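> Got a predicted structure plus its sequence, pasted below:
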Amino acid sequence: MNWQEIKLSECGTFFSYQGNKVFNKTFISALKFHTPGFAPVQDQEGWYHININGEQLYKERYKRVFGFYCNRAAVIGEDGWFHIDDKGIRLYGECYAWVGNYQEDKCVVRDFSNNYFHINLSGRRIYSEEYFYAGDYKEGCACVKGIDGWKHINSKGEDLNNKRFEDLGVFHKSYATARDKAGWFHINKRGVALYLNRFASAEPFYNGCSLVENFNGKKCIISEAGDVVFVIA
């Protein structure tokens, strides 16, 4: 049975394969199957993961579990959040107020003092700094907010380009959205603006075009040079 063909019901309580219900079980709640072929489910005992045969991966039960990323899944235990491997083995001893999903072999976490930082696959901190907020890694960089504003950091936690912004997005195909006091725009990995225009909002580029909103409330499509291709009616 191909896990990619196992479908979660619209009510989110059972699975079907080629139109037929499988595992002969209805759950309280479930999430869809995810790489490498496991699904989070909840029954009367709590949350856990099953394989493509509907078998539990481990005996432990949690308050909540999420999908596997980099062969690690975020779970909520009695004392807080942490990660387990596909055998249900806890990866590190620390508990957190919240953890994200591993991306590019790194994961953002929030401690019980509401500080954000990143850990590696072994659960060790990548750097000593702590932030008001931190996001997932993408294209080798992550967005973080410190006392002096938003910035990008590299895979070692080092400052990427020594630039600070009012707000910031992740890199997508080497460009990121950013906001200064004049508005939103796009930058490259050197932190340099692609153009002079500023907007009330801006989305990442999609095949060379971005959806933005100007300060008159009009939605527009712009090019990577910042030129308005057309105004959406």
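Perfect, thanks for sending it. All figures in this text were calculated on a predicted structure; none of them were measured in a lab.
> CA-only coordinates of whichever strand or helix holds Ile222, as CSV, when you get a sec.
Per DSSP states H and E: Ile222 is located in strand 219-223. The C-alpha trace of strand 219-223 is given here as CSV (Å, rounded to 0.1, in the frame of the first residue of the first chain):
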residue,chain,number,x,y,z
LYS,A,219,-3.6,45.1,-5.6
CYS,A,220,-0.9,45.0,-8.3
ILE,A,221,1.4,42.5,-9.9
ILE,A,222,5.0,43.7,-10.1
SER,A,223,8.2,42.4,-11.7
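> List the contacts of that strand.
197, 199, 208-214, 228-232 (CB atoms under 8 Å, 6 or more residues apart in numbering). For glycine as for every other residue, the C-beta is placed from the backbone atoms N, C-alpha and C.
> Which among the residues you listed count as buried?
197, 199, 210-214 (16 or more other CB atoms under 10 Å).
> now these as CSV including secondary structure?
Compiled in CSV, these are given as follows (DSSP: H, G, I helix; E, B strand; the rest coil):
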residue, secondary structure
Asn197, coil
Phe199, strand
Ser210, strand
Leu211, strand
Val212, strand
Glu213, strand
Asn214, coil
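> Just the mean pLDDT for the strand holding Ile222, thanks.
For strand 219-223, the mean pLDDT works out to 97.
> So which bits of that strand are buried?
220, 222.
> can you check stretch 195-207 too?
Here stretch 195-207 shows 197-199, 202-203, 205 as buried, counting by 16+ other CB under 10 Å.
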